[in-house]
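[1] Sequence and predicted structure, then a few things I'm wondering about:
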Amino acid sequence: MKTNIKSPKVYLIGAGPGNPELITVKAVKAISQADVILCDRLVSPEILETYANDNTEVIYVGKECSKNASTPQSHINTLMVEYARQNKTIVRLKGGDVSIFSNILDELQALKHNHIPYEIIPGITAALGAAAFAGMPLTARGYSTSVRFLTYYKSEILDENYWKELAVTGDTLVFYMSKGNLTALVEKFNELGVSADKKIAVIEQATTPYQKVYTSSFDDFNSRFGNKNFASPSLVVIGRVVNLHEEFSWLENAEQEGLYFKSVENGSLIPTTQNFFEYAV
């Protein structure tokens with residue numbers, strides 16, 4: 001008599017930028033079949049409430065570097081390997097797109113090293129969701145011919161020659177994970193003589209019920225917003241396309257205050273306390 005033995009598999013999935021309706025059909029199917037979900041902080045709680053089975057084990061492995069409260073990547077790798085060795089179907093659920101500014105390479109290497117099957121399911125990255133919900137087509141004809149995804153969470157990421165090129169490029173620039181260095185970012189562009197037709201936008205909690213968009217010229221930004229502590233997550237858009245927001249924005253700034261995504265430190269998203277053997281990866 002033939003016995004069906006379940007094979008392990010890990011699905012690396014992008015859950016979209018916040019709005020739960022922006023998740024893909026393929027992602028929903030995988031989530032509904034998961035035995036275990038390893039979930040990042042920037043994932044809408046409605047996605048898990050709506051699509052995960054009641055008997056699915058959900059483990060929060062959130063990262064919040066600004067509060068020094070991140071789950072170590074080695075621990076996440078260990079969880080994937082341990083559950084796969086139990087023949088589980090695992091979903092590694094990340095906010096936005098799974099391949100944009102995430103640690104997917106570390107996870108792929110761990111899975112490959114341990115001969116664990118996997119599949120990558122893309123999602124709508126934060127830049128695309130934020131731009132759409134703010135009425136800023138990132139490559140609008142006559143405004144920009146290309147777009148760059150960047151980050152500026154520490155100064156040494158970009159060298160001086162690259163800064164100079166960024167100041168004069170006609171590309172739309174989207175900065176992830178950079179809200180803590182906004183003053184330095186604006187000062188750098190001003191120092192390098194950024195053109196007056198380029199503006200800067202900060203989009204707080206994009207696509208969520210708390211979304212707010214703040215736009216400014218570079219000359220005025222620090223006087224208007226230099227002391228503002230923008231909510232997490234916030235995305236920064238720089239370029240001529242920011243000028244389109246006023247005309248084509250179809251969503252008003254939220255009147256309500258609050259945070260859509262829970263903090264890693266508030267108890268709900270504290271990483272699991274289970275101890276697993278640390279596999280070599």
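    That came in fine, so what should we check first?

[2] My guess is Phe133 contacts Ala206. True?
    Yes - Phe133 lies in contact with Ala206 (Cβ atoms under 8 Å); the separation is 5.8 Å. C-beta: built from backbone N, CA, C; applies to glycine.

[3] So Lys164, which state does it fall into?
    On the three-state scheme (DSSP: H, G, I helix; E, B strand; the rest coil), Lys164 is labelled helix.

[4] where's the nearest residue to it once chain neighbours are set aside relative to Val186, distance?
    Closest residue in space to Lys164, ignoring its immediate chain neighbours: Leu192 at 5.9 Å, by Cβ to Cβ, 6 or more residues apart in numbering. From Leu192 over to Val186 the distance is 11 Å, taken as Cβ to Cβ, to the nearest Å.

[5] need the helices for this protein, in chain order.
    Taking DSSP state H, the helices of the chain run over residues 25-32, 45-51, 73-84, 104-113, 126-133, 160-168, 182-191, 218-225, 245-248.

[6] export those to JSON lines and tack on mean neighbour count and mean pLDDT?
    Formatted as JSON lines, the helices of the chain follow (neighbours: other Cβ atoms under 10 Å; pLDDT from 0 to 100):
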{"stretch": "helix 25-32", "mean neighbour count": "16", "mean pLDDT": "98"}
{"stretch": "helix 45-51", "mean neighbour count": "16", "mean pLDDT": "96"}
{"stretch": "helix 73-84", "mean neighbour count": "20", "mean pLDDT": "96"}
{"stretch": "helix 104-113", "mean neighbour count": "16", "mean pLDDT": "97"}
{"stretch": "helix 126-133", "mean neighbour count": "24", "mean pLDDT": "98"}
{"stretch": "helix 160-168", "mean neighbour count": "13", "mean pLDDT": "91"}
{"stretch": "helix 182-191", "mean neighbour count": "17", "mean pLDDT": "92"}
{"stretch": "helix 218-225", "mean neighbour count": "15", "mean pLDDT": "92"}
{"stretch": "helix 245-248", "mean neighbour count": "12", "mean pLDDT": "96"}
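
[7] hey, where'd the strands end up in the protein?
    With strands called from DSSP state E, the chain shows them at 9-14, 36-39, 57-60, 89-94, 118-121, 147-151, 172-176, 199-204, 212-217, 234-239.

[8] The ones you listed into JSON lines, with extra columns for distance to Tyr51?
    Formatted as JSON lines, those follow (distance: least, Cβ to Cβ, whole Å):
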{"stretch": "strand 9-14", "distance to Tyr51": "11"}
{"stretch": "strand 36-39", "distance to Tyr51": "10"}
{"stretch": "strand 57-60", "distance to Tyr51": "11"}
{"stretch": "strand 89-94", "distance to Tyr51": "10"}
{"stretch": "strand 118-121", "distance to Tyr51": "13"}
{"stretch": "strand 147-151", "distance to Tyr51": "27"}
{"stretch": "strand 172-176", "distance to Tyr51": "26"}
{"stretch": "strand 199-204", "distance to Tyr51": "26"}
{"stretch": "strand 212-217", "distance to Tyr51": "28"}
{"stretch": "strand 234-239", "distance to Tyr51": "25"}
